[in-house]
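Novice: please work out how this folds:
(one chain, ligands or ions: 1)
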Amino acid sequence: MSVCNGFNNHQNGSTDTDDHNGCSYETLLQTAQYIQSRIPHEPKVGIICGSGMGAYWHEGSLAEALGNKVIIPYHDIPNFPVSTVEGHAGQLVFGTLSNIFVVCMQGRFHYYEGYPLWKCAMPIRVMKLIGVEFLIATNAAGGINTAFMEGDVMLIKDHINMMGFAGNNPLQGPNDNRWGPRFPPMNRAYDAGLIHEAKQIWKQEHLEGRLFDGVYTCLGGPNFETVAELRMLKLLGVDAVGMSTVHEVLTARHCDMTVLAFSLITNVCVMDYQDHDTMPSHEEVMDVGKVRQGTLKLFVEKIVAYIAENRLNKK
Ligand SMILES: O=P(O)(O)O[C@@H]1C[C@H](O)[C@@H](CO)O1
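Specialist: Predicted coordinates:
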């Protein structure tokens, strides 16, 4: 058995960050085989439940709503990282949603936790190996677009890979063609058809609140941004800023998954020096997530139903 460095695994407990391309295809096959031995079906849709969408085991979360659940804590999964963010449940939850078998990542991995980007995104490759074709990634983000208010939802139509500008990319290092090509295109990272359908669903279901689309960027965190940084991001065309998702989407597109992603705007970014009272906090992020999780749960459920009826087996 090849043991991969850099994981809090059962074998070595090490956190070596040098091994930047992480685990080999063969090692992740072992991870996938462990998971497959615990579940009754292949999930075709993977859902990342971020801070805005029940990363916590709150009653009423999407993961809790799955039928015939199989729950696998991350710490039981060979080669998997463990969640360290306050409140993140840290488990894969399998089960039925809209009559198909799906997997929810309840809690994700962030760069600021000390994990390199390839490791933050490694669960995407595991999802691929167990059968996932469609990824729905959700996150909490700060609203930079001045039209945005707390509680709004932004479908991600594109991203700016700020960390990539600095040479930090989950795909760096040797490329294994079994995952995907050395130079993957990213101009259609977010599926335009799914974005269109998601907007239709929001309207048809009369979901509560406002839905936008826009450009997301991920910074390394863990600090929230300075006023000058936010102003710079605004100039660059960023609508919402967070600390995740981009590296997951790069990894998912590299292995040819279809991606839909959205941000819950949990706070309006403080863009001027006169505002002495407003300060973002993780507590606020969790609170807004809790308030909005019922609506987002319904949203995702309907999107999954659409995928099941119209997109599965048609890729
Ligand atoms: O996991 P996501 O991207 O939803 O979480 C955001 C970014 C930080 O982890 C956290 C800040 O409160 O929320």
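Novice: E64 contacts G54, correct?
Specialist: Yes. In this structure, E64 is within contact of G54 by CB atoms under 8 Å, at 7.3 Å. For glycine as for every other residue, the C-beta is placed from the backbone atoms N, C-alpha and C.
Novice: okay, these two: which has more neighbours?
Specialist: Of the pair E64 and G54, G54 is the one with more neighbours under other CB atoms under 10 Å, namely 31 against 18.
Novice: which residues does R253 contact?
Specialist: Under the criterion of CB atoms under 8 Å, 6 or more residues apart in numbering, the contact list for R253 reads 180, 184, 186, 189, 259.
Novice: sorry, slip of the keys, the one I care about is R311.
Specialist: When contacts are counted by CB under 8 Å, 6+ apart, R311 touches 134, 194, 258.
Novice: kindly recompute the last result at 7 Å.
Specialist: Taking CB atoms under 7 Å, 6 or more residues apart in numbering, we find R311 in contact with F134.
Novice: can you tell me how far Y74 is from Y34?
Specialist: The gap separating Y74 from Y34 is 12 Å, by CB to CB, to the nearest Å.
Novice: again with I303
Specialist: Distance check for I303 against Y34: by CB to CB, it reads 29 Å.
Novice: of these two, which one has the most company?
Specialist: Just comparing I303 and Y34: by other CB under 10 Å the higher neighbour count belongs to I303, 23 against 16.
Novice: can you tell me the SS state at the residue lying closest to the more buried one once chain neighbours are set aside?
Specialist: Excluding its sequence neighbours, the residue lying closest to I303 (CB to CB, 6 or more residues apart in numbering) is A198, at 5.7 Å. A198 falls in the helix class when you classify it by DSSP: H, G, I helix; E, B strand; the rest coil.
Novice: which ones are touching A198?
Specialist: 155, 260, 303.
Novice: that one and A261, how far apart?
Specialist: The gap separating A198 from A261 is 10 Å, by CB to CB.
Novice: what residues does the chain put near the ligand?
Specialist: Within the chain, the positions adjacent to the ligand are 50-52, 85, 108, 110, 139-140, 221, 242-244, 282, 285 by CB under 6 Å from any ligand atom.
Novice: hmm, which of those residues are the buried ones?
Specialist: For the residues of the chain next to the ligand, a burial check counting by 16 or more other CB atoms under 10 Å picks out 50-52, 85, 108, 110, 139-140, 242-244, 285.
Novice: can you tell me which of these are in strands?
Specialist: Members of those lying in strands (criterion: DSSP state E): 139-140, 242.
Novice: can you pull the phi/psi pair for the closest residue to E284 other than its chain neighbours?
Specialist: Nearest residue to E284 in three dimensions, chain neighbours excluded: N267, at 5.6 Å (CB to CB, 6+ apart). Dihedral angles of N267 (phi, psi; degrees, to the nearest 10) stand at phi -160, psi 150.
Novice: what's the answer for Q30, then?
Specialist: The phi/psi pair for Q30 (degrees, to the nearest 10) is phi -60, psi -40.
Novice: how far away is it from the ligand?
Specialist: Distance of Q30 to the ligand, computed by CB to the nearest ligand atom, to the nearest Å: 27 Å.
Novice: just say helix, strand or coil for the nearest residue to that residue once chain neighbours are set aside.
Specialist: In space, and not counting its chain neighbours, Q30 is closest to P78: 6.2 Å by CB to CB, 6+ apart. On the three-state scheme (three-state DSSP), P78 is labelled coil.
Novice: what values do phi and psi take at A252?
Specialist: Note on A252: backbone dihedrals following degrees, to the nearest 10 are phi -70, psi -40.
Novice: count of neighbours near it?
Specialist: Considering only other CB under 10 Å, A252 is surrounded by 26 other residues.
Novice: would you mind confirming that it makes contact with A261?
Specialist: No. Between A252 and A261 there is no contact under CB atoms under 7 Å: 9.4 Å.
Novice: the host helix or strand of K234: which residues count as buried?
Specialist: Assigned by DSSP states H and E, K234 falls within helix 227-236. Buried residues in helix 227-236, defined by neighbour count with 16+ other CB under 10 Å: 230, 233-234.
Novice: save these as CSV, and put in pLDDT and distance to K128 too.
Specialist: Formatted as CSV, these follow (pLDDT from 0 to 100; distance: CB to CB, whole Å):
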residue, pLDDT, distance to K128
L230, 98, 35
L233, 98, 31
K234, 98, 35
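Novice: include distance to M162 when you put these into JSON lines, please.
Specialist: As requested, these are exported to JSON lines (distance: CB to CB, whole Å):
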{"residue": "L230", "distance to M162": "13"}
{"residue": "L233", "distance to M162": "8"}
{"residue": "K234", "distance to M162": "13"}
